[in-house]
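Chemist: structure for this input, please:
(one chain, ligands or ions: 1)
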Amino acid sequence: MDIKTNEHLQKVLIEHIAASENGIAVLDAKDQVIFYNQAFLNAFGLQNCPVYKQSYDDLLSWMFTTGVGMKAHTHKLEDWLAYIHSQYRSAPFRNYEVELVDGRWLLMTEQLNPDGEVVLVCNDITLFKRVELALQKAQIELARQAMTDELTGLPNRRHFMQQLDNECQRAHRYGHATSLAVIDIDHFKKINDGYGHLKGDDVLRHFAEVLTQQLRKNDVVGRLGGEEFALLLPETSQDSARAVIARLQQRLAGENLESIAPGFSYTFSAGVAECQSTPQFCCTDWIRTADEALYQAKAAGRNCVVVYGKA
Ligand SMILES: Nc1nc2c(ncn2[C@@H]2O[C@H](COP(=O)(O)OP(=O)(O)OP(=O)(O)O)[C@@H](O)[C@H]2O)c(=O)[nH]1
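Modeler: Residues are numbered from 1 along each chain as shown. Alright, predicted model coming up:
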């Protein structure tokens, strides 16, 4: 059936375009609106806008200044128009999504005619978009949970080990001294037994806070499990790391812990190890050496720090 010669078919299509629930508009070669259906006005909330013969820029400017229709992602109209023009007419046929100020979403198709007209068709995809955004949010939250220790909000063992691995490679590449400290709260079992598991949890949260507050932006704190934590100190020699830990011990000794229990205090022991420059030395070796130093700190009576190889 040839649409050019079949008048009935032309009538059917014209009626369809007028009554369609998909918004349809046509802009001429000079980007003036020469046709739109009711659904197009409804989709963008343009019922009070003089659309016919408006230029595309005037239409967009009207939306921007009246706060109707498309949501602008910049505060300056010129920037927004420049962004839209960087995409507009960029392909013979393209699809893109548009967020509206009232929270709805439209899927737009833009088709260029050989004579220079642009045909715009829009579909409301709000429901699909909401599901997609909710899934994206859930995915981000799952990824966050998989990396985070629930009790303290710190990176968990897996996440910390990934960062340790990256830092190990960086230290090998640039030859910078970088230190790791494995830290363990002393006699934590006694805290749990004496004050209860919930108070034990409060102590773990408190310790996480002390560690986080004391460190520099590039340092990484993680909870390895139980009452064991770790500090990754990039660009830090083992002697400087020892000084950092000593400062943490002082800070902890000065803390008021009345909220946990009257007269309560706790200490920790730490093992420090520098990243070794041999290429075979990997992050598990690094943790192992720091763990050995920690073991020696515990054996030396606790509340102290031992540097690997310097006991
Ligand atoms: N409240 C609380 N306790 C935990 C958690 N994870 C592990 N623990 C407890 O931490 C205690 C660790 O005890 P130990 O490994 O014997 O170590 P410690 O008592 O700290 O002794 P030293 O490390 O040798 O000073 C155990 O009783 C665990 O049940 C937690 O998330 N919350």
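Chemist: this protein: strands as residue ranges?
Modeler: Assigned by DSSP state E, the strands in the chain fall at 23-27, 33-36, 93-99, 105-112, 118-124, 179-185, 220-225, 228-233, 268-274, 305-307.
Chemist: could you dump those strands into TSV with mean pLDDT and mean neighbour count added?
Modeler: Where you see a C-beta, it was placed from the backbone N, CA and C, and this is true even at glycine. Formatted as TSV, the strands of the chain follow (pLDDT from 0 to 100; neighbours: other CB atoms under 10 Å):
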stretch	mean pLDDT	mean neighbour count
strand 23-27	97	21
strand 33-36	96	18
strand 93-99	97	13
strand 105-112	98	18
strand 118-124	97	18
strand 179-185	98	26
strand 220-225	97	21
strand 228-233	97	24
strand 268-274	97	26
strand 305-307	97	24
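Chemist: which of those strands sits closest to the ligand?
Modeler: Checking these against the ligand by CB to the nearest ligand atom gives strand 179-185 as the closest, at 4.9 Å.
Chemist: ok and the closest one relative to strand 228-233, angle-wise?
Modeler: Relative orientation of strand 179-185 versus strand 228-233 (axes from the mean of the first three to the mean of the last three CA atoms, to 10 degrees): 160 degrees.
Chemist: how about TSV for the strands of the chain, with distance to the ligand added?
Modeler: Conversion of those to TSV gives the following (distance: least, CB to the nearest ligand atom, whole Å):
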stretch	distance to the ligand
strand 23-27	56
strand 33-36	62
strand 93-99	42
strand 105-112	43
strand 118-124	48
strand 179-185	5
strand 220-225	7
strand 228-233	8
strand 268-274	7
strand 305-307	14
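Chemist: could I get those strands as JSON lines with distance to residue 164?
Modeler: Shown next, in JSON lines, are the strands of the chain (distance: least, CB to CB, whole Å):
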{"stretch": "strand 23-27", "distance to residue 164": "54"}
{"stretch": "strand 33-36", "distance to residue 164": "59"}
{"stretch": "strand 93-99", "distance to residue 164": "40"}
{"stretch": "strand 105-112", "distance to residue 164": "42"}
{"stretch": "strand 118-124", "distance to residue 164": "48"}
{"stretch": "strand 179-185", "distance to residue 164": "7"}
{"stretch": "strand 220-225", "distance to residue 164": "8"}
{"stretch": "strand 228-233", "distance to residue 164": "6"}
{"stretch": "strand 268-274", "distance to residue 164": "11"}
{"stretch": "strand 305-307", "distance to residue 164": "18"}
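Chemist: and of the ones you listed, who's closest to residue 157?
Modeler: Nearest to residue 157, of all the strands of the chain, is strand 220-225, at 4.9 Å by CB to CB.
Chemist: each with direction, which strands does the closest one pair with?
Modeler: As defined by DSSP bridges, the strand partners of strand 220-225 come to strand 228-233 (antiparallel).
Chemist: distance check, the residue of the stretch 201-311 of the chain found nearest the ligand against residue 21.
Modeler: Ranking the residues of the stretch 201-311 of the chain by distance to the ligand (CB to the nearest ligand atom) places residue 226 first, at 3.4 Å. Note on residue 226: its distance to residue 21, by CB to CB, to the nearest Å, is 60 Å.
Chemist: and residue 120, by the same measure?
Modeler: 15 Å.
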